[in-house]
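A.B. asks: Just need the structure, nothing else, for what follows:
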Amino acid sequence: MPQDDEFREYVAVRMDRWRRTAFLLCRDWHAADDLVSIMVGKLYWHWAKVSRADNRDAFAQKVLTRTWLDERRRPWSRERASAHLPEPVHSPHDRVDDRASLNDLLGSLGPRQRAVLVLRFYLNCSVEETADLLGVSAGTVKSQSARALEALRQLAASGDQR
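C.D. replies: Below you'll find the predicted structure:
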């Protein structure tokens, strides 16, 4: 089917970025793969709507972010931090020298603050785009960004990464 081919091509081009984004949100490669799988299933189920969207990538990012937030609310969901990160997939988006420290620092934040930072500073979403993706106001994005960045600065300065 032509639509299936279009869907496969769309997903194949974006899969690595989605996995890295999901990992930054949940800090676990297995959970990241699960999130991306759920998201891809949702995109496929609603492909007729997604394919007509003005910005498919923004639509997909919204689905990924909300899927992660929904999964965190599940009673069996527990955050599992690892002592180290697996070898990274190198790309132009991967320019962080000390991934373990970043992972630990991000892990010290709550899920909303972490989502705001990943969307704003890793994916370069605007305040308005981030607000839309998370279903909150622009003011909430700004305040969460400021609080999260201040918390990261304090943790980085003290060397405490919980």
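
A.B. asks: Tell me how far the helix or strand of the chain with the lowest mean pLDDT lies from the chain's centre.
C.D. replies: Least confident element among the helices and strands of the chain, by mean pLDDT, DSSP states H and E: helix 99-107 (a mean of 74). Relative to the mean C-alpha coordinate of its chain, helix 99-107 is positioned 14 Å out (C-alpha atoms, centre = their mean, to the nearest Å).

A.B. asks: Okay, buried residues for it please.
C.D. replies: Within helix 99-107, the residues scored as buried using 16 or more other C-beta atoms under 10 Å are Leu102, Asn103, Asp104, Leu105, Leu106. Every residue, glycine included, has its C-beta placed from N, CA and C.

A.B. asks: Pretty sure Val11 sits against Leu43.
C.D. replies: Yes - when contacts are counted by C-beta atoms under 8 Å, Val11 is listed as touching Leu43 (7.4 Å).

A.B. asks: quick one, which of these two is more surrounded?
C.D. replies: Leu43 (21 against 16; other C-beta atoms under 10 Å).

A.B. asks: what's the distance between the more buried one and Lys62?
C.D. replies: 11 Å (C-beta to C-beta, to the nearest Å).

A.B. asks: how big is the angle separating the longest helix along the chain from helix 99-107?
C.D. replies: Assignment by DSSP state H gives helix 2-26 as the longest helix of the chain. Using axes from the mean of the first three to the mean of the last three C-alpha atoms, to 10 degrees, the direction of helix 2-26 lies 90 degrees away from that of helix 99-107.
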